[in-house]
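Asks: Pasting the sequence and the predicted model now:
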Amino acid sequence: MAIHIYNTLSGKKERFEPLEPGKVNMYVCGPTVYDSSHIGHARSVVVFDVISRYFKSQDYDVTYVRNFTDIDDKIIDRANQLGIDSRALAKKYIHEFYKDMDALNVERASVEPKATEHIDRIKKIIGTLIQKGFGYQIDGDVFFAVDSFKTYGKLSGRNLEELEAGARVDIDKRKRNPFDFVLWKSAKPGEPSWRSPWGMGRPGWHIECSAMSSKYLGESIDIHGGGKDLIFPHHENEIAQSEAAFDKPFVKYWIHNGFVNIDQEKMSKSLGNFLMIKEVIKSYHPEAVRLFLLSNHYRSPIDFTEKAMEEATSGLDRIYALLERAQKKTGLSPETSGFKMGEYWEGFCKSMDDDFNTARGIGVLFNAVHKLNRLLDECKNRLSTDTRTTLQSAYIDILKMGNIMGFLVETPGTYFEDKRYKGLERDSIDQAIIEKMIEERTAARKAKDWAKADQIRKELGKRNIILEDRSEGTIWKVGR
RNA sequence: GGCGGCAUAGCCAAGUGGUAAGGCAGCGGUCUGCAAAACCGCCAUUCACCAGUUCGACUCUGGUUGCCGCCUCCA
């Protein structure tokens, strides 16, 4: 079964055939580091993290490049505002990005290059573009002439005439065409700058990706990704630059993820409703965030709401509860090596092969959870060899699916313990008191003093403590 | 104005030209001292609306309505 990908360039799902068999070269636009990362960044990064993991699981040799834009107008503006050095600002937010993404269990990309470390290569490409007649210099600025690139607009499905009709771009009279974009920008006094044949300046936004992508992955690559908003103009401009400079198709498959809305509204500066990752993971388990982000198809918009997050949390609890139950009852081990993947893994792969349909994949995961719970209910005492094999197979499938989607990495014990601890902290509850009350209740139950037992449970309920009487003993958890 | 997307049960959400995955919530039951958890059963004769193609469409085509995104920095 081959992987099929929706390619923005063709507007269709296409069978994935890498340029070089068995290898995947993938470039994803990373953040401009002038502020903390928000939940929208999380979606993009998580989606491509899962795509990369899935390719690896299908035995592809993946080279994944995700850049940092660490020189840019916004960074300079913000740094000036704060009265600090723009390099220090960039460094700070790169550090924060890693902190957030580590918390979300995002794997590091193969290469994570920074624009400022590739200035020479950027200048070289700009030189080539000027020499080939695609770029022109005015004062200290260098522009790309969109009219010189015949297929300009092929990614976003626009043409220059249409664009001009509804033009709302800033009018720079020096440009030959309003849509010409800057390759090299002259520096104002005090701004970070590099020496160049066109004077002191810095790279334009788009050119860095052409430079870094070609350096680490080659002049033609398999996959280039990013948020939907990057299609125009950023990715359109990247195509123009790269193809004009190298005379080769730049990217075979373009993948774009949809937005995250907050309570049905787009995150925007005017609404001030940017939801930062560091804030979200204070309230919700990072794995629940991943489960939530992957519960819709990556191209669809997804609405971040408290309700949706609570549902994701319930779902995650359900899976961990099953894993715990399975381990305790049967001694199934999380060791996956040496076991063949079963029907659920197969179903999961089928979903993933269809344009990385994680939403369907999660359905398969819950089917497996359900099946295991049922089997565990049915055989209360002894397990037949057949049942055991079935159990082990489904169990490993679940872990493997979790591994691709980047959750279920904790042991159930740790997961629930951590959850209790956080709940206690949040509600300022004293654990010793809770446990003492539970002991009293256990004694009352032993004495068949149901009235007292129920009274204690009621008391605990008032403190948001929920009990479960299991055969091995009573366990407790903190409610939401 | 141009380009693109979406409309599936109370909510979220997959989906194939052949008759609607999954999750959350709800209801009935099993289990339990009672609960909780888990399990069993129920929960869209119907997929915005109207035409058309077809033996047959939620799935294809055309139109209508509604919502959203991009076109300006943005994941």
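Replies: Good, I have the coordinates.

Asks: Which positions are bridged to the residue of chain A found nearest RNA strand B in the beta structure?
Replies: Chain A approaches RNA strand B most closely through residue A:227 (1.8 Å), counting by Cβ to the nearest atom of the strand. No exception for glycine: its C-beta is placed from N, CA and C like everyone else's. Note on residue A:227: beta-bridge partners residue A:257, judged by DSSP bridges.

Asks: what do you get for residue A:26?
Replies: So, taking DSSP bridges as the rule, residue A:26 has residue A:64, residue A:223 as bridge partners.

Asks: Now that residue A:292 has come up, it's in contact with residue A:310, right?
Replies: No. Contact criterion Cβ atoms under 8 Å: residue A:292 and residue A:310 do not qualify, at 9.8 Å.

Asks: Tell me which of the two has more neighbours.
Replies: Using other Cβ atoms under 10 Å as the criterion, residue A:292 and residue A:310 rank with residue A:292 on top: 27 against 14.

Asks: element containing that one?
Replies: Using DSSP states H and E, the element containing residue A:292 is helix A:286-293.

Asks: So which residues of the stretch 251-400 of chain A form helices?
Replies: In the stretch 251-400 of chain A, the helices defined using DSSP state H, counting those that start in this stretch lie at A:277-283, A:286-293, A:306-330, A:343-353, A:358-378, A:385-405.

Asks: Adding mean pLDDT and distance to RNA strand B, write these out as JSON lines.
Replies: Formatted as JSON lines, the helices of the stretch 251-400 of chain A follow (pLDDT from 0 to 100; distance: least, Cβ to the nearest atom of the strand, whole Å):
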{"stretch": "helix A:277-283", "mean pLDDT": "95", "distance to RNA strand B": "11"}
{"stretch": "helix A:286-293", "mean pLDDT": "97", "distance to RNA strand B": "9"}
{"stretch": "helix A:306-330", "mean pLDDT": "93", "distance to RNA strand B": "4"}
{"stretch": "helix A:343-353", "mean pLDDT": "95", "distance to RNA strand B": "7"}
{"stretch": "helix A:358-378", "mean pLDDT": "95", "distance to RNA strand B": "2"}
{"stretch": "helix A:385-405", "mean pLDDT": "91", "distance to RNA strand B": "12"}
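
Asks: quick one, domains of chain A?
Replies: What the record gives for chain A is the domain set A:4-266, A:305-410, A:429-478, from automatic domain parsing.

Asks: rank these by pLDDT, which is bottom?
Replies: Lowest mean pLDDT within those: domain A:305-410, at a mean of 89.

Asks: how many neighbours does residue A:301 have?
Replies: By other Cβ under 10 Å, 13 other residues sit near residue A:301.

Asks: same check, this time on residue A:128
Replies: If we define neighbours as other Cβ under 10 Å, then residue A:128 has 15 of them.

Asks: Alpha carbons of the helix or strand harbouring it, in CSV - could you do that?
Replies: Using DSSP H and E, residue A:128 falls within helix A:119-131. Extracted as CSV, the C-alpha positions of helix A:119-131 are listed here (Å, rounded to 0.1, in the frame of the first residue of the first chain):
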residue,chain,number,x,y,z
ILE,A,119,24.1,34.5,4.7
ASP,A,120,26.9,33.5,2.3
ARG,A,121,24.7,31.0,0.5
ILE,A,122,21.9,33.4,0.4
LYS,A,123,24.1,36.1,-1.2
LYS,A,124,25.3,33.6,-3.7
ILE,A,125,21.8,32.7,-4.8
ILE,A,126,20.8,36.3,-5.1
GLY,A,127,23.9,36.9,-7.2
THR,A,128,22.8,34.1,-9.5
LEU,A,129,19.3,35.5,-9.8
ILE,A,130,20.6,38.9,-10.7
GLN,A,131,23.0,37.5,-13.2
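
Asks: is stretch A:237-249 up against RNA strand B anywhere?
Replies: No. Using Cβ under 7 Å from any atom of the strand, stretch A:237-249 stays clear of RNA strand B, coming no nearer than 9.7 Å.

Asks: Other residues contacting that stretch?
Replies: Here stretch A:237-249 makes contact (Cβ atoms under 8 Å, 6 or more residues apart in numbering) with A:125, A:128-129, A:132, A:134, A:144, A:146, A:148-149, A:151-152, A:154-155, A:181, A:183, A:206-207, A:209-210, A:213-214, A:219-220, A:224, A:250-251.

Asks: Which ones among those map onto strands?
Replies: A:144, A:181, A:183, A:224, A:251 (DSSP state E).

Asks: What's the separation between the fourth one and residue A:198?
Replies: Same thing as residue A:224. 27 Å (Cβ to Cβ, to the nearest Å).

Asks: what do you get for the second one?
Replies: Distance of residue A:181 to residue A:198, given as Cβ to Cβ: 15 Å.

Asks: do the same with the last one
Replies: Separation of residue A:251 from residue A:198 (Cβ to Cβ) stands at 28 Å.

Asks: Just want to know which of the two has more residues nearby.
Replies: Using other Cβ under 10 Å as the criterion, residue A:251 and residue A:198 rank with residue A:251 on top: 26 against 21.

Asks: what's the more buried one in contact with, if anything?
Replies: Contact partners of residue A:251, counting by Cβ under 8 Å, 6+ apart, are A:9, A:27, A:220-224, A:239.

Asks: and it, bridged to which residues?
Replies: If you apply DSSP bridges, the partners that residue A:251 bridges to are residue A:221.

Asks: Next to RNA strand B, which bits of the stretch 151-300 of chain A? Give me the list.
Replies: Within reach of RNA strand B by Cβ under 7 Å from any atom of the strand, the stretch 151-300 of chain A has these residues: A:156-158, A:162-163, A:165-169, A:205, A:226-234, A:257-260, A:266-269, A:295-297, A:300.

Asks: List only those of those residues flagged as buried.
Replies: By neighbour count, with 16 or more other Cβ atoms under 10 Å, those hold A:156, A:158, A:163, A:205, A:226-227, A:230-231, A:233-234, A:257-260, A:267, A:295-297 as buried.

Asks: neighbours of residue A:129, just the number please.
Replies: Neighbour tally, residue A:129, other Cβ under 10 Å: 27.

Asks: Wasn't residue A:476 part of a helix?
Replies: No. Counting by DSSP: H, G, I helix; E, B strand; the rest coil, residue A:476 falls outside a helix, being strand.

Asks: so what's it up against?
Replies: Contact partners of residue A:476, counting by Cβ under 8 Å, 6+ apart, are A:420, A:434, A:438, A:460, A:465-468.

Asks: how does it look with 6 Å?
Replies: The contact partners of residue A:476, taken as Cβ atoms under 6 Å, 6 or more residues apart in numbering, are A:465, A:467.

Asks: That'll do, ta.
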